[in-house]
Structures are given as structure tokens and as C-alpha cells.
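*Asks:* coordinates for the following, if possible.
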Amino acid sequence: MTRSAHPLAELFPLIEGAEFDTLIADIKAHRLHEPIVIYEDQILNGRNRYRASIEAGLEPRFVPYRGDDPIAYIVSLNLKRRHGKHTAGLASACPMAA
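*Replies:* Purely as a prediction, here's the structure:
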């Protein structure tokens, strides 16, 4: 089953190139440490892990989102993870994230 990204997940860009290749290699070597989070039958968090798992030939693991504020969840995770990288313009793309 192919999973699509939730529109909230698309507030942040996908990783590409060498960074994505490194993720694929890591998942091949160590498996998927964090499951992919699903909300409204779409990927809320973990699009890169999902893509890398498929490329690595491994079955991704999924868990449902269990919170009550998916916007705050996705913004918080990505801002922490990326430390501001790729987040310029986020406030204009999602006023609730500001």
C-alpha cells in the first residue's frame, strides 16, 4: 500500500541527494528506529523515513497520531530536528506555526 503525505507534512521539504542516500543506507543497516506517524490515513511525520524504507526494500512501520493538535506536533518535531534549516518562510506558509 502506497501512503501519501498529509498536507501538514508538506510544510517541510523532503530531503534529497546525498542526505537521502545516507538515510537509505542507515535504514538498510539499522532498520527503521522511529515508526511513521499516520493522521487521516496519510503520513503526518516520517515522509523521508517512509521513502527511504521503500528504497531500502524494507516494510515501514506505522503508528496512528494520538494527539489533539497535529499542526503543533509537526511544526515542533521539524523545528527541533532541523534547527531552523529549511524553515524560512514557514510562518507565512502556516500562520499558526508562527
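*Asks:* report how many residues lie close to Leu58.
*Replies:* Leu58: 14 surrounding residues under other Cβ atoms under 10 Å. In this view, the C-beta of every residue, glycine as well, is placed from N, C-alpha and C.
*Asks:* ok, Gly17 next?
*Replies:* For Gly17, the tally of surrounding residues (other Cβ under 10 Å) stands at 7.
*Asks:* next one: the one 10 residues further on
*Replies:* The local packing of Ile27 (other Cβ under 10 Å) involves 22 other residues.
*Asks:* again with the one 10 residues further on
*Replies:* For Val37, the count of nearby residues is 22 (other Cβ under 10 Å).
*Asks:* who are the packing partners of the helix or strand harbouring Lys28?
*Replies:* Taking DSSP states H and E as the definition, Lys28 sits inside helix 17-30. Packed against helix 17-30 by the contact rule (3 or more Cβ pairs under 8 Å, 6 or more residues apart in numbering; DSSP states H and E) you find helix 47-56.
*Asks:* the helix it packs on packs against which elements?
*Replies:* When contacts are defined as 3+ Cβ pairs under 8 Å, 6+ apart, helix 47-56 sits against helix 17-30, strand 36-39.
*Asks:* change it to 7 Å
*Replies:* For helix 47-56, the packing partners by 3 or more Cβ pairs under 7 Å, 6 or more residues apart in numbering; DSSP states H and E come out as helix 17-30.
*Asks:* how far is the helix it packs on from where the chain is centred?
*Replies:* A distance of 15 Å separates the centroid of the chain from that of helix 17-30, by Cα atoms, centre = their mean, to the nearest Å.
*Asks:* what sits up against that helix?
*Replies:* Helix 17-30 is contacted by residues 15, 48, 52-53, 55-56, 58 when judged by Cβ atoms under 7 Å, 6 or more residues apart in numbering.
*Asks:* how near is Ala9 to Thr22?
*Replies:* Per Cβ to Cβ, to the nearest Å, Ala9 is found 21 Å from Thr22.
*Asks:* give me the below-cutoff pLDDT ranges for the protein.
*Replies:* In the predicted model, the chain carries pLDDT under 70 at residues 80-98.
*Asks:* how about a cut-off of 50?
*Replies:* For the chain, applying pLDDT under 50 flags the ranges 83-84, 86-87, 92, 97-98.
*Asks:* perfect, I'm done here.
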